[in-house]
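Q: missing the sequence, but the structure's below:
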Ligand code: NAD
């Protein structure tokens with residue numbers, strides 16, 4: 001990896017914009033400064049919104065559907081052409097292993113454009129013939145038009161994947177965007193602006209502004225932004241909903257979770273260990289869909305707990321470029337502190353620490369980075385803070401249960417409702433339990449398998465609205481009903 005400190009700039013109307021005020025981004029592996037980022041001002045945000053509006057009225061808005069589809073597919077190809085640069089940028093911002101960026105995050109970034117390119121054209125809108133007193137009737141039919149200028153506010157845990165998950169459909173359905181990536185991980189959003197220029201996307205269709213929550217708030221309160229699509233913590237989402245109220249913006253909210261895994265007595269334990277091993281520890285536990293509380297039937301509790309401990313011990317922390325690395329650092333010092341605070345809370349709540357609970361020591365430059373040990377607890381009550389609050393680290397509470405009704409009740413006893421994963425070989429049980437779980441995304445005997453055409457989003461405090469496939473049309477387009485008297 002290069003040790004050069006990068007400069008990351010805003011993009012407005014297709015042009016790089018330096019603001020003179022910069023903030024630092026740190027390499028999570030070592031804690032060294034990795035980038036200086038030009039922080040957007042209110043003027044930068046305003047110029048970005050104006051550029052997006054002009055592109056909507058002008059060159060971008062005037063593209064035919066075919067031209068727009070070709071262009072969105074071209075963006076996916078453009079990402080592919082600069083694949084290694086995206087991988088480097090993502091690894092540098094997040095500290096994740098090259099393999100993870102290469103196999104998951106950057107390919108999914110490109111796939112997010114490919115998947116949505118054709119969706120609008122293939123989607124039929126409704127038509128109703130209605131009766132009228134004169135007997136001749138009237139015909140109603142619906143058309144969809146782009147919602148307008150969309151503010152995209154995205155988090156740091158899978159920056160490219162989660163940002164393009166929103167930019168892909170927004171552009172494919174004819175909108176223009178102003179993206180505010182997480183201040184921790186701004187690089188891939190800026191690189192994507194270069195790709196937009198490479199492939200000839202009209203200036204202003206895609207803009208990027210950098211900064212923390214205050215810059216996000218400039219977007220959520222801007223009178224000329226038509227919609228905000230957000231991914232991040234529930235508490236931030238709630239603040240954003242308050243901020244958009246005076247200007248009545250449409251919103252699509254993907255928020256936090258405290259996702260249960262449920263392992264029934266008849267589960268295939270090899271598979272449960274493999275899948276839970278990923279859902280607890282992948283990306284150092286910083287996956288919104290990840291499992292942080294595992295309910296295990298009492299008859300297999302000790303057996304599965306032992307296997308999960310072995311799995312945790314087998315994880316290999318390392319530099320991102322090393323082969324066989326299966327555990328990276330967490331994204332920032334703030335996130336490291338938050339996780340370590342929860343590790344202490346767990347102990348204070350009487351947890352039995354089966355594995356981990358601290359910070360690994362390397363004896364090299366990694367000791368300056370943001371590492372935490374993969375950690376598993378038993379002995380925590382279902383009502384403990386550790387088992388109820390989102391930690392977003394490589395850790396889980398293992399909790400025994402004795403019957404199906406009890407475990408469904410515990411799984412649902414939370415304000416969150418993002419995902420749930422169950423393990424059983426009994427099809428009737430799988431059908432019965434999945435229908436009772438209050439979560440937007442539910443897996444049986446697997447985790448993280450995603451078909452981008454399916455609905456994605458959280459129930460309860462984990463989300464408002466759904467994206468994915470045609471479901472995002474409700475947010476990314478406005479529907480007009482046209483009634484014609486015959
Ligand atoms: P966060 O809420 O701290 O920040 C998310 C984004 O919101 C960042 O770009 C941040 O700068 C911005 N922001 C912060 N305050 C703002 C404000 N007042 N107005 C406008 N923008 C503001 O979240 P995070 O720590 O970056 O990400 C981790 C969280 O994201 C976890 O809770 C995780 O569960 C959640 N997440 C959810 C999903 C999902 O699909 N539901 C996916 C990934 C992550």
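A: Noted; the coordinates are in hand. Predicted, not measured: the structure shown is a model, and the values here were computed from it.
Q: what's the pLDDT at residue 1?
A: Listed pLDDT for residue 1 reads 46.
Q: just the one 10 residues further on next, same as before
A: According to the per-residue confidence, residue 11 scores 98 in pLDDT.
Q: who's it bridged to?
A: When assigned by DSSP bridges, residue 11 has beta-bridge partners residue 16, residue 208.
Q: pretty sure it contacts residue 190?
A: Yes. Using Cβ atoms under 8 Å, residue 11 is in contact with residue 190, at 6.6 Å. (Glycine included, C-beta is placed from N, CA and C.)
Q: report the outermost residue of the protein with respect to its centre.
A: residue 134 (53.6 Å; Cα atoms, centre = their mean).
Q: still on that earlier bit, now do the shared contacts for residue 11 and residue 190.
A: Both residue 11 and residue 190 are contacted by residue 208, under the criterion Cβ atoms under 8 Å, 6 or more residues apart in numbering.
Q: more neighbours: which of the two?
A: Set side by side, residue 11 and residue 190 show more neighbours around residue 11, with 27 against 23, by other Cβ atoms under 10 Å.
Q: what residues does the stretch 151-300 of the chain have near the ligand?
A: 153-157, 162, 180, 182-183, 212-213, 216-217, 220, 231-233, 236, 239-240, 254-257, 288 (Cβ under 6 Å from any ligand atom).
Q: could you rerun that using 8 Å?
A: 153-158, 162, 180-184, 211-217, 219-220, 230-237, 239-240, 243, 254-257, 286-289 (Cβ under 8 Å from any ligand atom).
Q: helix or strand for the nearest residue to residue 461 once chain neighbours are set aside, which one?
A: Spatial nearest neighbour of residue 461, excluding adjacent residues (Cβ to Cβ, 6 or more residues apart in numbering): residue 415 at 4.3 Å. Assigned by DSSP states H and E, residue 415 falls within no helix or strand.
Q: show me what contacts residue 415?
A: 234, 460, 461.
Q: of those residues, closest to residue 206?
A: Nearest to residue 206 among the contacts of residue 415: residue 234, at 27.8 Å, using Cβ to Cβ.
Q: tell me who's in contact with the closest one.
A: Contacts of residue 234 (Cβ under 8 Å, 6+ apart): 255, 256, 390, 415, 416, 461, 462.
Q: quick check: the residue of this structure nearest the ligand.
A: residue 216 (2.2 Å; Cβ to the nearest ligand atom).
Q: which strands or helices does the helix or strand harbouring that residue pack on?
A: Secondary structure from DSSP H and E places residue 216 in helix 213-220. Packing partners of helix 213-220 (3 or more Cβ pairs under 8 Å, 6 or more residues apart in numbering; DSSP states H and E): helix 42-57, strand 149-153, strand 176-180, helix 234-244.
Q: contact residues of the stretch 301-450 of the chain facing the ligand?
A: 335, 390, 392, 418.
Q: closest one of those to residue 55?
A: Within those, the smallest distance to residue 55 is 33.6 Å, found for residue 418 (Cβ to Cβ).
Q: and the pLDDT for that closest one?
A: pLDDT, residue 418: 98.
Q: hang on, isn't it packed against residue 256?
A: Yes. Counting by Cβ under 8 Å, residue 256 is a contact partner of residue 418 at 7.2 Å.
Q: which residues are common contacts for the two?
A: By Cβ under 8 Å, 6+ apart, the residues touching both residue 418 and residue 256 are 288, 462.
Q: picking up where we left off before, quick one: average confidence on the helix holding residue 216?
A: 98.
Q: tell me which other helices or strands whichever helix or strand comes after that helix touches.
A: Next helix or strand after helix 213-220 toward the C-terminus (DSSP H and E): strand 227-231. On a contact count with 3+ Cβ pairs under 8 Å, 6+ apart, strand 227-231 meets strand 149-153, helix 159-172, helix 234-244, strand 250-254, helix 473-476.
Q: now stretch 23-33: mean pLDDT?
A: For stretch 23-33, mean pLDDT rounds to 98.
Q: one more: stretch 366-382?
A: 97.
Q: how about it: buried residues?
A: The neighbour-count check on stretch 366-382 (16 or more other Cβ atoms under 10 Å) flags 366, 369-378, 380, 382 as buried.
Q: which stretches in the stretch 301-450 of the chain count as strands?
A: Under the criterion DSSP state E, counting those that start in this stretch, the stretch 301-450 of the chain carries strands at the ranges 352-355, 375-378, 395-401, 419-423, 441-444.
Q: need the contact list for the nearest residue to residue 31 once chain neighbours are set aside.
A: Leaving aside its sequence neighbours, residue 31 sits nearest to residue 368 (Cβ to Cβ, 6+ apart; 3.8 Å). Residue 368 makes contact with 30, 31, 32 under the criterion Cβ under 8 Å, 6+ apart.
Q: how close does residue 368 get to residue 58?
A: 49 Å (Cβ to Cβ, to the nearest Å).
Q: center of this structure, which residue is that?
A: For the chain, the residue nearest the mean C-alpha position is residue 162 (4.2 Å; Cα atoms, centre = their mean).
Q: using JSON lines, please lay out the helices and strands packed on strand 227-231 together with distance to residue 15 and mean pLDDT.
A: As requested, those are exported to JSON lines (distance: least, Cβ to Cβ, whole Å; pLDDT from 0 to 100):
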{"stretch": "strand 149-153", "distance to residue 15": "18", "mean pLDDT": "98"}
{"stretch": "helix 159-172", "distance to residue 15": "18", "mean pLDDT": "98"}
{"stretch": "helix 234-244", "distance to residue 15": "28", "mean pLDDT": "98"}
{"stretch": "strand 250-254", "distance to residue 15": "28", "mean pLDDT": "98"}
{"stretch": "helix 473-476", "distance to residue 15": "26", "mean pLDDT": "96"}
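Q: just how off-centre is the helix or strand of the chain with the lowest mean pLDDT within its chain?
A: None of the helices or strands of the chain scores lower by mean pLDDT, DSSP states H and E than helix 119-122, at a mean of 86. In terms of Cα atoms, centre = their mean, to the nearest Å, the centre of helix 119-122 is set 24 Å apart from its chain centre.
Q: buried residues in it?
A: Those buried within helix 119-122 under the rule 16+ other Cβ under 10 Å are 119, 120.
Q: does anything pack onto it? Which helices or strands?
A: Using 3+ Cβ pairs under 8 Å, 6+ apart, helix 119-122 sits against helix 65-81, helix 159-172.
Q: try it again with 6 Å
A: Applying 3 or more Cβ pairs under 6 Å, 6 or more residues apart in numbering; DSSP states H and E, one finds that helix 119-122 contacts no other helix or strand.
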